[in-house]
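Student: Structure for the following, please:
(chains A and B)
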Amino acid sequence: MSIPKTLQEWLQSIPNLQMQKRSEQWLQLLCSAEQLPALTRHLMEEEEAEFATLLVEESADALSVHYLFYLPATGNLIELKVEAPAGTELPAISDTVHAADWHEREAWDLYGLRFSGHPFLGDFVLHDDDWPEGLDPMRRSFDGKHRPDLHGSGADWAPPRLLQEEGAMVFPVGPVWGDFNESGLWLLETPGEQIRYLHTRLFYKYRGVEKIAEGRTVDQGLLLAERFAGAAAFAHAWAYCQALEQIAACQIPTRAQQLRIVFAELERIRHHAANIAEIAGSTALSVAKALAQGIVEDLLRLSARLCGHRYFFGVLTPGGLREDLDEGKIKLLRQTLPELDQRMQQLEKHLEGSSSFLDRIEEMGTLSNELARIYGVVGPIARASGRSIDLRRHLPYGQYVFLSPDVPVEQEGDGYARLRIFFAESRISVKIILDLLPFMAEGPVQSPCPIQEGHALSWVEAPSGATFHWLRCTGDGTITRLRLGTPGFRNWHAFERAIEGAAFQDFPIILATWGLSIAENDR
Amino acid sequence: MSFWPYYGLQRGITTTAWPDGAEDSAGITPGRPCALQTGHAEEIAAACPTQALKAVSQAGRDGVAVDFSHCIHCQRCRHGDNALPWSTDFSWGAPSAAARPALESRFTRSLQVLYVDAGACGACVNEVRLIDAPPYNLHRLGIFVTATPRDADVLLVAGPITDAMRTAISKAYAAMPEPKRVMGMGTCAIHGGVFGESFACAGGLEKIVPVDLWLPGCPPPPLAIIHGLLSLVGRVTPAALEEQP
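Tutor: So this is what the prediction gives:
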């Protein structure tokens, strides 16, 4: 867990760099804007660091910008903190850390923080046709309670367009489209048949969660953390609770830790099964979709029988869980899960025997290993493109410290590789739960978690990948900053690269094999 | 080689008997609190984080009333000393104050629904996706999903009505032929839910288009959505948004 020696020595050789050990695991570096590019380049190229998230905090006369990295090999967190007094620009790091690209665009839109050298600032979270330029909603001076009576460029806004050849057109998909889909706009540029370029315009679902959380109590914050991305409600609520527990230095009873794993893995299986249903549906394989949906529904019913809610709302509380699972419920879980697992395995076997189905997902929507690394994608998408990265292993939290779950990896990065990853991870999750049940500890599931002033970074491997939450609260339990660094935000960034060269009819299939949540991206 | 029709038949019929028969399978709904006559009404109401529970006093008897339009199933009133009883029903669709009458008979078994996501968290989307899955099988009821407002009789909207979706919702509504009805799905659509009204959310579908039916719940389970749609054509009895002790 200690910082690698080579890194320590290198850092000590840099003049005027303040180092602070926040914990055994967490090293904070207070650096200047000029030092930032060299430091990030070294972390990425020499230390093989992973970018966690970027967050901005506002103080009286400056913005503090935190660039958070972690080292998967040693499990260390490296935080670069830069002060940006009003009116200053920071050098963009997205040329070396491409995963930070969208983070910088977000910080410009929401805080008005300019990054020199960034080519695409503007029209991102806040749509230019709707929101006036220069109004930065995350700033303290902005009252987030109401929509100001100010408007953007309206009908003057035109979608960006790259393709200039004769007959080329932009084919819009969204924001209202298809049967039951989340809202987003995809502008497919094509000279006729092949999609040459995709411009993804998201944030139609932007609810300003990070802004409206400010001023609320930490208890109300939990309701938000559960409900901003309901398909991974437990994972996000868990990350949020971990932040509060870290601030209070609260010890969670073993039984609660174990049950949290049970719920988180159940959520992962359901999330993946729902994605598999969508993949089958996108290729018009309706029986396979129906079979997968049957599994999803049975998992939802199982969840409701275990904890009262189909999506695990209201299960977590800082310090543990609201309710224990009694013997009967544990037994129910032990009886139901193997049957569901068997149905999943059978579905996988049948899908693998359907050549017409495989034809439609093989070599489809490929994200190469190289691009996966450059974009720093996370979760199943990363693992399908040869990146063996999983916070349960590389930054273990809770009882995962003792479990070290298997991490399946595929190399192809296409739709079929992602499908195999969804199946493999579900199987591993079932095994984790069933292996854990005989060893459930006795005792309470909740310990007191007093509210204290402080801030913390916490993380969870959500079903769709690494999520990082940053929480700062006052002594009376008021949130002053909540940062949600979600996997959706990371992976949507890379999505457009997987579309290039695809045919029109492949677009919904590729979208389904990525299985990304827009709610999680938009926040 | 895979024989999908056979694999489908192998599972047998999994569709619910509801609305013709009863449905009480475990886990089909999260349930919701019931109003209760109790001496601890003030304490219970104070512990509700969304003000869904209200202490009321009627004819000298104290109790807790439930306002379902605010309930998000946080389960805090479900356990502990002052726990309220929770129902396991799903007939939740309730007419709005400005509700138009149920659609006439030619829609009873042919209803086209357009779903618009206006900031839903993913749980509502997931439940909506399940209404035409075998356990619920929407099509047997003559209800179909359409991708275009030109064919739609019902506009189904979920989410707290984000700023960027306001125009899309108004346009979709305007493009629908008469007669048309609107259903606001989930606590968020009613008044913003946990997100409320803010710079980014209108906090209520009624501010954009007229609404006929509210479907409370966070999220409403598939059968509640079907109950809502059937109420719009007068095939089931709608519920109320509030319950008095």
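Student: Leaving out sequence neighbours, find the closest residue to the residue in the stretch 101-250 of chain A positioned nearest to chain B.
Tutor: Checking the stretch 101-250 of chain A residue by residue against chain B with Cβ to the nearest Cβ singles out A:Gly230 as nearest, at 2.8 Å. The C-beta positions use only the backbone N, C-alpha and C, and glycine is treated the same way. Spatial nearest neighbour of A:Gly230, chain neighbours left out: B:Ala123 (2.8 Å); criterion: Cβ to Cβ, 6 or more residues apart in numbering or on different chains.
Student: Now do that neighbour: how many residues are near it, please.
Tutor: Summarising burial for B:Ala123: neighbours were counted as other Cβ atoms under 10 Å in any protein chain shown, giving 28.
Student: The one 10 residues further on too?
Tutor: Counted with other Cβ under 10 Å, the burial measure for B:Ala133 works out to 21 neighbours.
Student: and it, which of the three is it?
Tutor: Reducing the assignment at B:Ala133 to three states with DSSP: H, G, I helix; E, B strand; the rest coil gives coil.
Student: can you tell me the helix or strand for the residue lying closest to it once chain neighbours are set aside?
Tutor: Of all residues beyond its chain neighbours, the one nearest B:Ala133 is A:Gln293 (3.6 Å), with distances taken as Cβ to Cβ, 6+ apart. Counting by DSSP states H and E, the element that carries A:Gln293 is helix A:286-307.
Student: helix or strand right after that helix?
Tutor: Proceeding N to C from helix A:286-307, the next assigned helix or strand is strand A:316-317, under DSSP H and E.
Student: Need the residues that contact that following strand.
Tutor: The list of residues contacting strand A:316-317 from outside it, by Cβ atoms under 8 Å, 6 or more residues apart in numbering or on different chains, reads A:Leu222, A:Glu226, A:Phe234, A:Ala237, A:Trp238, A:Cys241, A:Arg260, A:Arg322, A:Gln446, A:Cys449.
Student: For the helix holding A:Gln293, the averaged confidence score.
Tutor: Across helix A:286-307, the average pLDDT comes to 94.
Student: what's the answer for stretch A:239-251, then?
Tutor: With pLDDT averaged residue by residue, stretch A:239-251 scores 93.
Student: shaky segments in chain B?
Tutor: Per-residue confidence of chain B (counting by pLDDT under 70) places no residue in a weak region.
Student: Tell me where it has helices.
Tutor: Taking DSSP state H to define them, one finds helices in chain B at B:4-10, B:41-46, B:123-130, B:166-175, B:186-191, B:222-232.
Student: so which of these comes closest to A:Gln335?
Tutor: Go through the helices of chain B one by one with Cβ to Cβ and the one that ends up closest to A:Gln335 is helix B:4-10, at 21.1 Å.
Student: residue contacts, the residue nearest to B:Ala133?
Tutor: Listed by Cβ under 8 Å, 6+ apart, the contact set of A:Gln293 reads A:Ala274, A:Ala277, B:Arg129, B:Leu130, B:Ala133, B:Pro134, B:Pro135.
Student: hang on, isn't the third one packed against A:Asn181?
Tutor: Translated: B:Arg129. No. Taking Cβ atoms under 8 Å as the contact criterion, B:Arg129 and A:Asn181 are not neighbours in contact, 9.3 Å apart.
Student: Give me the PyMOL select line for the contacts of A:Gln293, limited to the buried ones.
Tutor: To isolate the buried members of the contacts of A:Gln293 in PyMOL, using 16 or more other Cβ atoms under 10 Å in any protein chain shown:
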select buried, (chain A and resi 274+277) or (chain B and resi 129+130+133+134+135)
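Student: Mind picking the two most distant members of the contacts of A:Gln293?
Tutor: The distance between the two most remote of the contacts of A:Gln293 (Cβ to Cβ) is 14.8 Å, for A:Ala274 and B:Pro134.
Student: how about the residue of the stretch 101-250 of chain A closest to chain B, what does it touch?
Tutor: Taking Cβ under 8 Å, 6+ apart, one finds A:Tyr311, A:Phe313, A:Ala519, B:Ala120, B:Cys121, B:Gly122, B:Ala123, B:Cys124, B:Asn126, B:Pro219 in contact with A:Gly230.
Student: And A:Gly281, by the same measure?
Tutor: Counting by Cβ under 8 Å, 6+ apart, A:Gly281 touches A:Lys289, A:Ala512.
Student: That one - that's part of a helix, no?
Tutor: Yes. When the secondary structure is assigned by three-state DSSP, A:Gly281 falls within a helix.
Student: and the gap between it and A:Tyr204?
Tutor: Shown here: A:Gly281 relative to A:Tyr204, a distance of 22 Å by Cβ to Cβ, to the nearest Å.
Student: Bridged to the residue positioned nearest the centre of chain B, which residues?
Tutor: Centroid-nearest residue in chain B, with Cα atoms, centre = their mean: B:Leu215, separated by 2.8 Å. B:Leu215 has these beta-bridge partners by DSSP bridges: B:Met185.
Student: List just the nearest of the contacts of strand A:316-317 to B:Asp163.
Tutor: Distances from B:Asp163 to those, taken as Cβ to Cβ, are shortest for A:Glu226 (22.7 Å).
Student: and the closest one, how many neighbours?
Tutor: Count around A:Glu226 with other Cβ under 10 Å applied: 30.
Student: wouldn't it be in contact with A:Trp238 here?
Tutor: No. Counting by Cβ under 8 Å, A:Trp238 is not a contact partner of A:Glu226; they are 9.8 Å apart.
Student: Next, work out how far apart whichever residue of the stretch 301-450 of chain A sits closest to chain B and B:Ala189 are.
Tutor: In the stretch 301-450 of chain A, the residue found nearest to chain B is A:Arg301; the distance is 3.0 Å by Cβ to the nearest Cβ. As defined by Cβ to Cβ, A:Arg301 lies at a distance of 25 Å from B:Ala189.
Student: Between these two, tell me which one has more neighbours.
Tutor: B:Ala189 (30 against 19).
Student: OK, contacts around B:Leu130?
Tutor: Contact partners of B:Leu130, counting by Cβ under 8 Å, 6+ apart, are A:Gln293, A:Val296, A:Glu297, A:Leu300, B:Tyr136, B:Pro222.
Student: Now the fifth one: phi and psi?
Tutor: Its backbone dihedrals place B:Tyr136 at phi -120, psi -30, with angles given as degrees, to the nearest 10.
Student: Which residue, other than its chain neighbours, is closest to it?
Tutor: In space, and not counting its chain neighbours, B:Tyr136 is closest to B:Pro222: 4.7 Å by Cβ to Cβ, 6+ apart.
Student: The residue of chain A most remote from its centre and A:Pro191, how far apart?
Tutor: Computed with Cα atoms, centre = their mean, the residue of chain A farthest from its C-alpha average is A:Glu166, at 39.6 Å. The gap separating A:Glu166 from A:Pro191 is 8 Å, by Cβ to Cβ.
Student: again, but for B:Gly203
Tutor: Applying Cβ to Cβ to B:Gly203 and A:Pro191 gives a distance of 44 Å.
Student: These two: which is more packed in?
Tutor: Using other Cβ under 10 Å as the criterion, B:Gly203 and A:Pro191 rank with B:Gly203 on top: 21 against 13.
Student: Contact partners for the residue nearest to A:Gly230?
Tutor: The contact partners of B:Ala123, taken as Cβ under 8 Å, 6+ apart, are A:Arg227, A:Gly230, A:Ala231, A:Ala233, A:Arg310, A:Tyr311, A:Phe313, B:Cys218, B:Pro219.
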